[in-house]
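> mind folding the following:
(one chain, ligands or ions: 1)
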Amino acid sequence: MANVTVIGAQWGDEGKGKIVDWLASRADVVVRFQGGHNAGHTLVVDGTTYKLSLLPSGIVRGTLSVIGNGIVLDPWHFRDEVAKLAGQGVNISPDNLHVAETAPLILPFHRDLDGLREDASGAGKIGTTRRGIGPAYEDKVGRRSIRVCDLAHLDDLEPQLDRICAHHDALRAGFGHPPIDRAAIVAELRAIAEFLLPYAKPVWVGLNEARKQGKRILFEGAQGVLLDIDHGTYPFVTSSNTIAGTASGGSGLGPSAVGFVLGIVKAYTTRVGSGPFPTELEDETGQRLGERGHEFGTVTGRKRRCGWFDAVLVRQSAAVSGITGIALTKLDVLDGFDTLKICTGYKLDGKIYDYLPPHASDQARVEPIYEEMPGWSESTAGARSWADLPAQAIKYIRRVEELIQCPVALVSTSPEREDTILVRDPFED
Ligand code: IMP
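This is a model prediction of the structure:
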């Protein structure tokens, strides 16, 4: 049976939560495979809003949920998110929530370093979520991480602590910050171990077993392809690979498990944090998109930057990530515009580009080439079939498909689950 991997095809915040929830209700297992609690997934289930940052969205409906080895896990945030959802009546236990034993931990000094660097960076700051994501991934690659499985071996932690503290103390000294209080860290880890360890599992074993049994696995990506450490707008990116292929390495299943790759694409473009954004609108139109689309970050509350749909970027995302079909979201935000613009290429120093040049300064200087289309005055909110959509909205969708060279699998027309036009069912494809 087919698996599905859901990823954001822009800069995150494409509305993955609702789509993942819809797919999760039909999956046997939901897996997070990269990122950490920098993600912000909002689900509206039976009128109740749930905000998740770290836990897989399937947990809200009690579906087996797995946090894979590819994520970085803040154990205190994990505890708090479990408690918050439990407070909303969600049933969470080590029976339905599994955490990879090999996942690296985000520790308080990662958060310190994230903030210290951002504060010291002035205009060059990345605008991170300051949750320690980047520094935790650096330690993973630097082979210094303390991992979930280390919590069961706290008496053997000294060599690992030596390595991680030597690295961080040198950096902290550079920022005029005191060294890590090792005793305090060990005490905090000891205290949280009791809560976290019951959830710790060799998740690759369970996932491979699920696969053999023909269970449906849904991989839930976080952020978006343009924030990918390799393929995104470097250095204004997150510190993980956000492309669909990471679902394999970040969970312990082979690449063929990835299945149908569903790219979530907003009908316009938004970005939180710093970095190039060719179609950004710093005018009334941008303001209008932000207000109609309620574009405020789930995690940090920051206002999102808004702009026209950039077909160049989404075509690039679809290519590097192998997107099978897209889910187009928030179409209703475009209701009522007289004219809509779609970016189809860039101009830079007299040259035309059909892809985003790699250097940040060129990315900041490219001039979008726009194609204009008439808008529609009718409301598309809540549409559940093509027949509910104005002809002009259908034309817009068809043009998007053509330009990004990727078919639409579904269209989402409100935060409600049922307000979806299904073209191709990713699980049945
Ligand atoms: P970090 O992931 O906290 O290191 O932040 C790096 C960049 O990714 C910043 O521009 C953040 O705003 C952005 N970012 C991280 N997570 C998300 C997300 O879930 N949605 C949108 N942007 C994100």
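> could you pull up phi and psi at the closest residue to the ligand within the stretch 151-300 of the chain?
Going by Cβ to the nearest ligand atom, the ligand is nearest to residue 273 of the stretch 151-300 of the chain, at 2.4 Å. For glycine as for every other residue, the C-beta is placed from the backbone atoms N, C-alpha and C. When quoted as degrees, to the nearest 10, the phi and psi of residue 273 stand at phi 90, psi -180.
> that one against residue 126, yeah?
Yes - counting by Cβ atoms under 8 Å, residue 273 does reach residue 126; the two are 6.3 Å apart.
> so which of the two has more stuff around it?
It is residue 273, of residue 273 and residue 126, that has more neighbours when counted by other Cβ atoms under 10 Å, with 21 against 18.
> quick one: contacts for the more buried one?
Residues near residue 273 by Cβ atoms under 8 Å, 6 or more residues apart in numbering: 126, 127, 128, 236, 302.
> max pairwise distance over these: which two?
236 and 302 (14.2 Å; Cβ to Cβ).
> how about the helices of this structure, start to end?
Taking DSSP state H, the helices of the chain run over residues 16-24, 75-87, 108-120, 133-141, 158-174, 182-196, 203-212, 246-249, 284-292, 311-321, 360-365, 391-404.
> can I get those in TSV with distance to the ligand, mean pLDDT and mean neighbour count?
Output for these, formatted as TSV (distance: least, Cβ to the nearest ligand atom, whole Å; pLDDT from 0 to 100; neighbours: other Cβ atoms under 10 Å):
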stretch	distance to the ligand	mean pLDDT	mean neighbour count
helix 16-24	9	91	25
helix 75-87	13	98	17
helix 108-120	7	96	19
helix 133-141	4	98	22
helix 158-174	16	96	15
helix 182-196	21	97	14
helix 203-212	22	97	16
helix 246-249	14	98	22
helix 284-292	14	95	16
helix 311-321	14	98	22
helix 360-365	13	96	14
helix 391-404	20	98	17
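> how about those, which one is nearest residue 57?
helix 16-24 (4.4 Å).
> burial check on the nearest residue to residue 298 once chain neighbours are set aside, number of neighbours?
The shortest distance from residue 298 to any non-neighbouring residue, by Cβ to Cβ, 6 or more residues apart in numbering, is to residue 40 (2.6 Å). The number of residues packed near residue 40 is 22, by other Cβ under 10 Å.
> residue 40 reaches residue 297, doesn't it?
Yes - with contact defined as Cβ under 8 Å, residue 40 reaches residue 297; the gap is 6.3 Å.
> give me the common contacts of those two.
residue 13.
> one step back: just send the helices of the chain back as JSON lines, with distance to residue 414 too.
Output for these, formatted as JSON lines (distance: least, Cβ to Cβ, whole Å):
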{"stretch": "helix 16-24", "distance to residue 414": "9"}
{"stretch": "helix 75-87", "distance to residue 414": "23"}
{"stretch": "helix 108-120", "distance to residue 414": "35"}
{"stretch": "helix 133-141", "distance to residue 414": "31"}
{"stretch": "helix 158-174", "distance to residue 414": "46"}
{"stretch": "helix 182-196", "distance to residue 414": "37"}
{"stretch": "helix 203-212", "distance to residue 414": "32"}
{"stretch": "helix 246-249", "distance to residue 414": "28"}
{"stretch": "helix 284-292", "distance to residue 414": "12"}
{"stretch": "helix 311-321", "distance to residue 414": "22"}
{"stretch": "helix 360-365", "distance to residue 414": "33"}
{"stretch": "helix 391-404", "distance to residue 414": "14"}
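> list the buried ones in the biggest strand by length in the chain?
Ranked by number of residues, the top strand in the chain under DSSP state E is strand 339-348. Under the neighbour-count criterion of 16 or more other Cβ atoms under 10 Å, strand 339-348 has 340, 341, 342, 343, 344, 345, 346 buried.
> given that strand, what are its sheet partners and their directions?
strand 309-310 (parallel), strand 351-353 (antiparallel), strand 367-374 (antiparallel) (DSSP bridges).
> identify the residues contacting it?
278-279, 308-313, 334, 352-354, 356-357, 362, 365-375, 396, 399-400, 403.
> next: stretch 237-244.
5, 7-8, 34-35, 38, 70, 72, 126, 128, 133-134, 136-138, 219, 221-232, 246, 258, 261, 275, 320-323.
> convert that stretch to PDB, retaining C-alpha atoms only.
The C-alpha trace of stretch 237-244 is given here as PDB (Å, rounded to 0.1, in the frame of the first residue of the first chain):
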ATOM      1  CA  VAL A 237      17.500  28.500   5.900                       C
ATOM      2  CA  THR A 238      16.900  26.000   8.700                       C
ATOM      3  CA  SER A 239      19.600  23.500   9.700                       C
ATOM      4  CA  SER A 240      18.000  20.300   8.300                       C
ATOM      5  CA  ASN A 241      17.100  18.800   4.900                       C
ATOM      6  CA  THR A 242      13.400  19.600   4.500                       C
ATOM      7  CA  ILE A 243      13.100  17.700   1.100                       C
ATOM      8  CA  ALA A 244      11.000  14.500   0.900                       C
END
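> I'd assumed residue 226 was in contact with residue 320.
No - with contact defined as Cβ under 8 Å, residue 320 does not count as touching residue 226 (10.0 Å).
> now the stretch 201-350 of the chain, which segments are flagged as low pLDDT?
Nowhere does the stretch 201-350 of the chain drop to pLDDT under 70.
> so which bits of it are right by the ligand?
Residues of the stretch 201-350 of the chain found near the ligand, taking Cβ under 6 Å from any ligand atom as the criterion, are 222, 223, 227, 236, 238, 239, 272, 273.
> of those residues, grab the buried ones for PyMOL.
Command for PyMOL that selects the buried part of these, burial taken from 16+ other Cβ under 10 Å:
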select buried, resi 222+223+227+236+238+239+272+273
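> circling back to that earlier point, what is the nearest of the contacts of residue 273 to the ligand?
Distances from the ligand to the contacts of residue 273, taken by Cβ to the nearest ligand atom, are shortest for residue 128, at 3.5 Å.
> for that closest one, what are its contacts?
Residue 128 neighbours (Cβ under 8 Å, 6+ apart): 38, 114, 118, 134, 238, 273.
> please tell me how far the last one sits from residue 372.
Residue 273 sits at a distance of 29 Å from residue 372 (criterion: Cβ to Cβ, to the nearest Å).
> now swap in the first one and tell me
Per Cβ to Cβ, residue 38 is found 36 Å from residue 372.
> neighbour count winner among the two?
Between residue 38 and residue 372, counting by other Cβ under 10 Å, residue 38 is the more crowded of the two (27 against 10).
> for the more buried one, which non-adjacent residue is closest in space?
Closest to residue 38 by Cβ to Cβ, 6+ apart is residue 129, at 4.2 Å.
> do I have it right that the one you found meets residue 298?
No - applying Cβ under 8 Å as the test, residue 129 and residue 298 come out as separate, 10.3 Å apart.
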